[in-house]
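Undergrad: quick one, what's the 3D model for this:
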Amino acid sequence: MADIGHRVLVTGGAGFLGSHLCDALVDRGHEVTCVDNFLTGHRQHVAHLEGHDRFSIIEHDIIEPIDLSVDAIFNLACPAAPGHYQADPIHTWKTSVFGISNMVELARRNGATLFHSSTSEVYGDPDVSPQPESYRGHVNPIGPRACYDEGKRAAETLLFDVHRRGDVRIKVVRIFNTYGPRMHPYDGRVVSNFIRQALAEEDITIFGDGTQTRSFCYVDDLIDGFLRMMEGPDDLPGPVNMGNPEERTILDLAERVLALVGSSSKLVKRPLPPDDPLQRRPDISLARERLGWSPSVGIEEGLQQTLEAFRGLDLDEWTPPTEYWQGPPLEA
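TA: Sure thing, here's the model as predicted:
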């Protein structure tokens, strides 16, 4: 097992995944610096850590350089939900491309290990299922999702170039759909959308006919995977898929949420957004074999934990980042 080091930087540390990672690192005894520009992250996610002698927070956008003394960097800075990354697509692209370049330079100066959160979106709308790391993807480079998809692909290009030169020790994971407490209620993802709408007794919005699939991983499982990857062998730079290989339809998810909430909300179908993938399921053989990692939290338990967190939210404090794709209702 590799030693992460004491001083750890988490970019995007006030976001959904970043805040859970900060919790785990502080609990393990690390000195954690959270960097966030607060475009999609929220201080309330890390408010319980402020004042802790091993936690500090810096408001900063990583598209600009930053100089810190660190032993390890977890780069999680980038809007990850369509409603967020499409709100300012140019800034999203800059976060992935300029941001990772700045993190590479910071890691090089410090001799730090650099962990990068890539995404299953690099596979696009796949024609191979499940998707192994060797699959090169089916991505539209000029579509409305390309700012995120291609930005993440470009970040991987840079990371593996510096890895081949021996400049920086890297760790790259490709994250599949993740859910749990601290999701933005208006981020446009299906879990947050369905729970928010069901609690408010609003119509449940199904894009497409609902037969498209996703594989949902609970946040605690994913954070465990991050730490195993960072502490893993040097000959495993990645990319490594991390997600739940249990594939389910969007309709199945909607029905589970309705039953869990006890809601009388109706299902309303609308057209699929452009380039929205019809299938998403990870092949996690590599993570199982090399890291001993696989998800352990079932969908019912995970949704219950997420629901309880949503019940405590004041939705007046949260606003949608942009107008989401809606389109006219489909004919019955």
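Undergrad: CA only for contacts and neighbour counts going forward, please
TA: Noted.
Undergrad: these two touch, right, residue 239 and residue 135?
TA: No - Residue 239 is beyond contact range of residue 135, at 11.1 Å (criterion: CA atoms under 8 Å).
Undergrad: of those two, who's got more company?
TA: residue 239 (22 against 14; other CA atoms under 10 Å).
Undergrad: and residue 50, what does it touch?
TA: 56-57 (CA atoms under 8 Å, 6 or more residues apart in numbering).
Undergrad: pLDDT value on it, please?
TA: With respect to pLDDT, residue 50 scores 94.
Undergrad: and what of residue 319?
TA: pLDDT for residue 319: 63.
Undergrad: ok, now residue 46?
TA: Confidence score, pLDDT, at residue 46: 97.
Undergrad: strands of this protein, start to end?
TA: 7-11, 31-36, 55-59, 72-75, 113-119, 170-175, 178-179, 204-207, 213-215, 217-218, 240-242, 247-249, 267-270 (DSSP state E).
Undergrad: which stretches of the stretch 201-332 of the chain have low pLDDT?
TA: 316-332 (pLDDT under 70).
Undergrad: list the buried residues of stretch 292-309.
TA: Using 16 or more other CA atoms under 10 Å as the test for burial, stretch 292-309 gives 293-295, 299, 302-304, 306-307.
Undergrad: scratch that, stretch 25-41
TA: Buried-residue list, stretch 25-41, by 16+ other CA under 10 Å: 25-26, 30-37, 40-41.
Undergrad: can I assume residue 32 is in contact with residue 10?
TA: Yes - counting by CA under 8 Å, residue 32 does reach residue 10; the two are 7.2 Å apart.
Undergrad: what is in contact with those two at once?
TA: With CA under 8 Å, 6+ apart as the test, residue 32 and residue 10 both reach residue 22.
Undergrad: gap between the two ends of stretch 194-210?
TA: 13 Å (CA to CA, to the nearest Å).
Undergrad: start the count at 785, not 1, going forward
TA: New numbering, starting at 785: the last item is stretch 978-994.
Undergrad: who touches it?
TA: Contacts for stretch 978-994 (CA under 8 Å, 6+ apart): 969, 977, 1033-1035, 1038, 1041-1042, 1045, 1047-1057, 1091, 1094-1095.
Undergrad: still on that earlier bit, tabulate the buried residues of stretch 1076-1093 in CSV, adding columns for distance to residue 859.
TA: Listed next are those as CSV, based on distance: CA to CA, whole Å:
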residue, distance to residue 859
1077, 21
1078, 22
1079, 22
1083, 27
1086, 25
1087, 27
1088, 29
1090, 24
1091, 28
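Undergrad: got the residue ranges for the helices in the stretch 785-934 of the chain?
TA: For the stretch 785-934 of the chain, the helices defined by DSSP state H, counting those that start in this stretch occupy 800-811, 866-869, 873-894, 930-949.
Undergrad: helices or strands up against the last one?
TA: Using 3 or more CA pairs under 8 Å, 6 or more residues apart in numbering; DSSP states H and E as the contact test, the elements touching helix 930-949 are helix 873-894, strand 897-903, strand 954-959.
Undergrad: tell me the buried residues in stretch 824-838?
TA: For stretch 824-838, by 16+ other CA under 10 Å, it's 824-827, 829-830, 833, 838.
Undergrad: over to stretch 976-988?
TA: Neighbour counts using 16+ other CA under 10 Å place 976-983, 985-986, 988 of stretch 976-988 among the buried residues.
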